[in-house]
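[1] sequence first, predicted coordinates after that:
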Amino acid sequence: MVYSYYPGCTLKNKAKDLDHYARVSAKALGFELEEISEWQCCGGVYPLGSDEIATKLSSVRALNDAKEKGQELVTLCSGCHHVIKRVNDDMKHVADIRTKANNYMQLDEPYAGETNVLHYLEVLRDRVGFDVLKQKVTNPLKGKKIGAYYGCLLLRPGKVMAFDNPENPKIMEDFIRAIGAEPVIYPYRNECCGGYISLKDNELAAGMCRKIEDSAAGFGADMLITACPLCMYNLNKNNNGTLPVYYFTELLAEALGVKGE
């Protein structure tokens, strides 16, 4: 299976590990990530202005590119996934945005939200299957107690993202079981790490991160995993050595025996 792949800006610089381990793991699991040519930054934040069009156009270009290839669009960064999924929902359901975006882009055929957007974790769950993933594991991570950190962007708004139950998600815990480790369920796994607040009020963000990591450690976690480069930055910056934080793709590659590739 070949998927259109939108890596996003951060995966080309600060989060290269998230991208690299995803690619080598995809090969081991038998699917291909075909990076979209000439993709542009998604903007990083979904614009809340109802009449905001310009900052949504890069997402529409990526979505239309996948549509023209007849492929589903896969993302990795939680921020990129959030923006692109919500813009796609706009193109499906908000006629004014759809009309203005298509008029500006002058596509051969108007785009109306036809592309299916998947996060890499959804590919593992819904296309590969966690049972198949478990069979492909050559180096099960036995003995490791891992806390899944979801953060905000993958889960909310729940009806639009349709990723998992926003109050009680389980996709990352099921992933952890599939790679042979033990998931640790703790109260703060889907609470905000502070996000961009860290740019304005670092102490506030630091306090939010400490609550997350103290909660996970208190329930027995040895480490945390995330899919979000911003969450990774905030948690690592403010953890005071409490818990190591990894991208989920790194542990996937380790379990599949391809981490060194």
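    It's in.

[2] now for the strand or helix carrying residue 254, which elements pack on it?
    Assigned by DSSP states H and E, residue 254 belongs to helix 248-256. Under the contact criterion of 3 or more CB pairs under 8 Å, 6 or more residues apart in numbering; DSSP states H and E, helix 248-256 touches helix 16-29, helix 171-178, strand 223-226. All C-beta atoms are positioned from the backbone trio N, CA, C, and that covers glycine.

[3] what residues sit buried inside the following helix or strand past the longest one?
    In this case it means helix 16-29. Using DSSP H and E, the helix or strand that follows helix 16-29 in sequence is strand 32-35. Buried residues in strand 32-35, defined by neighbour count with 16 or more other CB atoms under 10 Å: residue 33.

[4] partners of strand 32-35 in the sheet?
    Sheet partners assigned to strand 32-35 using DSSP bridges are listed as strand 2-6 (parallel).

[5] what angle do the strand it pairs with and helix 16-29 make?
    Put simply, strand 2-6 runs at 180 degrees to helix 16-29, going by axes from the mean of the first three to the mean of the last three CA atoms, to 10 degrees.

[6] run through who's touching strand 2-6.
    Applying CB atoms under 8 Å, 6 or more residues apart in numbering, the contact partners of strand 2-6 are 31-36, 39, 42, 62, 65-66, 69, 71-75, 80, 84, 115, 118, 123.

[7] residue ranges of the helices in the protein, please?
    16-29, 57-69, 78-93, 95-105, 120-122, 130-136, 158-161, 171-178, 202-218, 229-238, 248-256 (DSSP state H).

[8] can you lay out the ones you listed as JSON lines showing mean pLDDT and mean neighbour count?
    Conversion of the helices of the chain to JSON lines gives the following (pLDDT from 0 to 100; neighbours: other CB atoms under 10 Å):
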{"stretch": "helix 16-29", "mean pLDDT": "98", "mean neighbour count": "20"}
{"stretch": "helix 57-69", "mean pLDDT": "97", "mean neighbour count": "21"}
{"stretch": "helix 78-93", "mean pLDDT": "98", "mean neighbour count": "23"}
{"stretch": "helix 95-105", "mean pLDDT": "95", "mean neighbour count": "15"}
{"stretch": "helix 120-122", "mean pLDDT": "98", "mean neighbour count": "23"}
{"stretch": "helix 130-136", "mean pLDDT": "98", "mean neighbour count": "14"}
{"stretch": "helix 158-161", "mean pLDDT": "97", "mean neighbour count": "14"}
{"stretch": "helix 171-178", "mean pLDDT": "98", "mean neighbour count": "21"}
{"stretch": "helix 202-218", "mean pLDDT": "94", "mean neighbour count": "18"}
{"stretch": "helix 229-238", "mean pLDDT": "93", "mean neighbour count": "22"}
{"stretch": "helix 248-256", "mean pLDDT": "98", "mean neighbour count": "24"}
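
[9] of those, which is nearest residue 148?
    helix 171-178 (3.4 Å; CB to CB).

[10] quick one, the closest one and helix 248-256 angle?
    Orientation check (the same axes, to 10 degrees): helix 171-178 against helix 248-256 gives 20 degrees.

[11] counting contacts, what elements does helix 171-178 pack onto?
    helix 120-122, helix 130-136, strand 145-148, strand 182-184, helix 248-256.

[12] give me the contact list for it.
    Contacts for helix 171-178 (CB under 8 Å, 6+ apart): 121-122, 124-125, 130-131, 133-134, 137, 146, 148, 150, 163-164, 182-183, 185, 225, 248, 252.

[13] with stretch 81-89 instead?
    Residues contacting stretch 81-89 (CB under 8 Å, 6+ apart): 6, 42-46, 56, 59-60, 62-63, 73, 75, 113, 115, 117, 119, 153-154, 157, 160-161.
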